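Undergrad: Structure for the following, please:
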Amino acid sequence: MSETIRVTVECFGELERLMQAESVTVDVDAPHTSAELIVCAQRQYPAAADLLSRTACARGDRLLAATDTLAENDTVALIPPVSGGQPASDSHHLTDAPLDLDALMDETADDECGALVVFGGTVRLANNGREVASMDYSAYGPLAARTIADIEAETIERFDVSACRIQHRTGRLGLGAVSVYIVVRAVHRAAAFDAARNALEELKARVAVWKNEHYADGSSAYLEGTEVVQPERPRKP
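TA: A predicted model of the protein is given here:
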C-alpha cells in the first residue's frame with residue numbers, strides 16, 4: 001500500500017473561506033481512511049483545524065464513517081456543521097429559483113385531509129443585533145437532497161400524515177425572500193402541526209445547507225450550525 005494518496009476535497013460553508021478555495025487536494029497518509037483525511041487536512045490547513053474537527057466526510061450522497069477507506073484520486077466533500085458549495089441541481093428539493101408554493105400545494109392535494117400546515121422561512125432584517133442586507137444559502141446537493149427526501153418519508157411514517165414536502169432555496173436572497181417551505185397535510189390538525197414542527201427541526205439539524213449572512217456594514221459571517229451526525233457518532237443531546 002502506498003504511503004500516501006492524493007484526494008480532492010470539496011470545501012463547503014466556512015471551510016471554503018478558511019481553506020481559501022472551493023476545492024483543494026490533500027495528501028492522505030496510510031491507512032487512507034476518512035478520519036486520516038481530516039487529520040492530514042488539519043495539518044495542511046491549520047487555520048481550518050478547529051472546524052475540521054467538527055466536520056463530516058461524504059462521497060456522493062453518503063456520509064462516510066471514520067474507518068471508511070479512500071482511494072487515489074477520490075473526491076470527498078467536507079461537511080462542516082450545517083446552518084440551514086455549490087447550488088443544488090435537484091429542483092424537487094433544492095433550487096436556486098424562487099420557491100413555488102402553489103406547485104407544492106397542488107402536489108400534496110388530498111381531499112381526505114382536513115388539515116394543512118404551511119411553514120415558510122424568510123430572510124429577516126436583523127440577527128443578534130446586526131442589520132442584515134441579504135443571505136447566501138449554499139448546499140452540498142447530493143447529500144442535502146437525499147436527506148430532505150429522508151426527512152419527508154420519516155415525517156409521514158412517524159406522524160401518520162398524508163403528505164410532507166420540503167423545498168429549500170439556494171443562492172443570494174434579499175430581505176423578505178422565502179428560503180424554505182414545508183407543506184404538511186393530514187386528516188387532523190394536531191398531527192399536521194406536530195409533523196411540520198418536527199420536519200423543520202430535522203431540516204435545521206441534518207441537511208447540508210449553510211447560511212452566509214451579509215450585513216448592512218458590508219461584512220459577512222457564516223451562522224453557527226449543528227454538527228452533522230456521522231455513522232459512528234450520534235447526534236449530541
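
Undergrad: In the protein, what residue spans correspond to helices?
TA: Secondary structure of the chain by DSSP state H: the helices cover 15-18, 34-44, 49-52, 101-108, 141-159, 189-206.

Undergrad: Of all those, which one is nearest Asn128?
TA: helix 189-206 (16.8 Å; CB to CB). Where C-beta positions appear, they are placed from N, C-alpha and C, glycine not excepted.

Undergrad: how about the helices of the chain in CSV, adding distance to His92?
TA: Output for these, formatted as CSV (distance: least, CB to CB, whole Å):
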stretch, distance to His92
helix 15-18, 26
helix 34-44, 29
helix 49-52, 30
helix 101-108, 10
helix 141-159, 7
helix 189-206, 15
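
Undergrad: Out of the ones you listed, which is closest to Gly218?
TA: Using CB to CB, the helices of the chain put helix 15-18 closest to Gly218, at 15.8 Å.

Undergrad: which residues touch Leu94?
TA: Taking CB atoms under 8 Å, 6 or more residues apart in numbering, we find Leu94 in contact with 87-88, 139, 141, 144-145, 148, 167-170, 209.

Undergrad: Of the residues you listed, just the buried ones, ChimeraX syntax please.
TA: Buried members of these, defined by 16 or more other CB atoms under 10 Å, are picked up in ChimeraX with:
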select :88,139,141,144,145,148,167,168,169,170,209
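
Undergrad: tally of neighbours for the residue lying closest to Asn212 once chain neighbours are set aside?
TA: Distance criterion CB to CB, 6 or more residues apart in numbering; nearest residue to Asn212, sequence neighbours excluded, is Asp136 at 4.1 Å. Neighbour count for Asp136, taken as other CB atoms under 10 Å: 15.

Undergrad: ok, now which ones touch the residue most central in space within the chain?
TA: For the chain, Ala208 is the residue whose C-alpha lies nearest the centre (CA atoms, centre = their mean; 1.5 Å). Going by CB under 8 Å, 6+ apart, Ala208 touches 12, 58, 79, 82, 85, 139-140, 143-144, 147, 228.

Undergrad: from those residues, which has minimum pLDDT?
TA: Comparing pLDDT over those, Gly85 scores lowest. The value there is 43.

Undergrad: Tell me how the chain divides into domains.
TA: The record's domain parsing of the chain by automatic domain parsing lists 4-79, 94-221.

Undergrad: just to revisit the earlier point, quick one, which of the helices of the chain is nearest to Leu70?
TA: Nearest of the helices of the chain to Leu70, taken as CB to CB: helix 34-44 at 6.3 Å.

Undergrad: and the closest one, how far out from the chain's middle?
TA: Chain-centre distance of helix 34-44: 22 Å, with CA atoms, centre = their mean, to the nearest Å.

Undergrad: How about residues contacting it?
TA: Contacts of helix 34-44 (CB under 8 Å, 6+ apart): 7, 9, 19, 26-30, 48-49, 52-53, 55, 57, 64-68, 70, 76, 78.

Undergrad: For ChimeraX, what selects the buried ones among the residues you listed?
TA: To isolate the buried subset of the contacts of helix 34-44 in ChimeraX, counting by 16+ other CB under 10 Å, use the following:
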select :7,9,19,26,28,48,52,55,57,64,66,68,70,76,78
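
Undergrad: Narrow the contacts of helix 34-44 to those in strands?
TA: Those of these mapping onto strands are 7, 9, 26-29, 57, 76, 78, per DSSP state E.

Undergrad: which residues touch Gly60?
TA: 142-143.
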